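A.B. asks: What follows is a predicted structure for the sequence shown.
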Amino acid sequence: MNRVFTGSGLPDFEYRRIKTAGATINVATLGKGVPLLLLHGYPETHRMWEKVAPALADEFLVVCADLRGYGDSSKPEGLPDHSNYSKRAMADDMVEVMAALGHREFLIGAHDRGARVAYRLALDHPGVVKRLALLDIVSTKAVYEHGGMELAAAYFHWYFLIQPRPLPETLIGCDPALWLATAFRKLSTNPSAFSDATVAEYLRTFGTPEGIHATCEDYRAGATVDLANDRADVAAGRRISCPTLILWGARSVVGKMFRPLETWRDLVPSPMGEAIDCGHFIPEEKPDETLRALRGFFR
């Protein structure tokens, strides 16, 4: 575990790079008390929590991590079966990271792709997660099995990013800044919620050949390994055993096209939660409401 400090990170947070069995993970920590792991989504980094994490650190020991393939974490070449970008592999990273920091049990708050890692972690390591908050997702199984033109149009990137290399890598690589701007504009209800400095920080690590490839592999794994694992869990009757909070944007794709609490019942016995009046990027668009919900649940 190497200690690293960066001027581009969250103020007052202490940075480390922690080597796991399959990657090296960039981690920022602040606070005392019960450990709380925060995981980001696509196409972002741990910086997505910048409006929320410092306040949570007043009550919890907050750990913000860049997922494998994102931010300043390592970006290994994808395997032919995409398994090294499966949510199972990425969840194992986080178990190893938290163990290296001395935490065998912890809370998790996670958004988007990070939330997919988080629910896989809770399924695969049921004794580790004390409470789980999932922000603006339904399961990978639910997305792919819901289907239909409306969902495909709204989540077009789910179907574009899984195309074989080098098609998405090449096209996104022609103008990664345009790709990021399109994602924030299409999926949020308040594009001004993303400062120029934060978007530039996302672009710094996303807009490289390695970053673009890694994030495509994340989605390729979703359509193959992760989907198979979800289906196997549902078929076997396996469910998440810890208390689980579901938050979604009332104006997001999840809020418009799913009934989230009902949809989660195949993997969560008693989901609880609410809609927040925003789009997909809940912590950036509505930080005060996010803090209220997370504090109430994790306390």
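C.D. replies: Received the coordinates, thanks. Residues are numbered from 1 along each chain as shown.

A.B. asks: From now on I want contacts and neighbour counts done on CA atoms only, so please keep to that.
C.D. replies: Fine.

A.B. asks: Tell me where the stretch 151-299 of the chain has strands.
C.D. replies: Residue ranges of the strands in the stretch 151-299 of the chain, as given by DSSP state E, counting those that start in this stretch, are 244-249, 272-276.

A.B. asks: Could you tell me which strands the longest one is paired with, and in which direction each runs?
C.D. replies: If I follow you right, that is strand 244-249. strand 129-135 (parallel), strand 272-276 (parallel) (DSSP bridges).

A.B. asks: which residues touch the first one?
C.D. replies: Where contact means CA atoms under 8 Å, 6 or more residues apart in numbering, the residues beyond strand 129-135 that reach it are 105-112, 115, 118-119, 121-122, 242-248, 282, 294, 298.

A.B. asks: what about 6 Å?
C.D. replies: Under the contact criterion CA atoms under 6 Å, 6 or more residues apart in numbering, strand 129-135 has outside partners 105-111, 115, 122, 242-248.

A.B. asks: next one: the last one
C.D. replies: Counting by CA under 6 Å, 6+ apart, the neighbours of strand 272-276 from elsewhere in the structure are 245-250.

A.B. asks: Neighbour-wise, give me the winner out of those residues.
C.D. replies: W248 (29 neighbours; other CA atoms under 10 Å).

A.B. asks: Excluding chain neighbours, give the residue nearest to that residue in space.
C.D. replies: D136 (4.1 Å; CA to CA, 6 or more residues apart in numbering).

A.B. asks: Likewise for D72?
C.D. replies: Closest to D72 by CA to CA, 6+ apart is N26, at 5.6 Å.

A.B. asks: what about that neighbour, how many residues close to it?
C.D. replies: Using other CA under 10 Å, N26 has 26 other residues around it.

A.B. asks: so it is in which element?
C.D. replies: Using DSSP states H and E, N26 sits within strand 24-30.

A.B. asks: And G109, by the same measure?
C.D. replies: Element membership for G109, per DSSP H and E: strand 106-111.

A.B. asks: contacting residues around that strand?
C.D. replies: 35-41, 129-135.

A.B. asks: what's the most distant pair in those residues?
C.D. replies: G41 and K130 (21.2 Å; CA to CA).

A.B. asks: And those two? Which one has more around it.
C.D. replies: G41 (21 against 17).

A.B. asks: Surely that one is within a helix?
C.D. replies: No - judged by DSSP: H, G, I helix; E, B strand; the rest coil, G41 forms no part of a helix; its state is coil.
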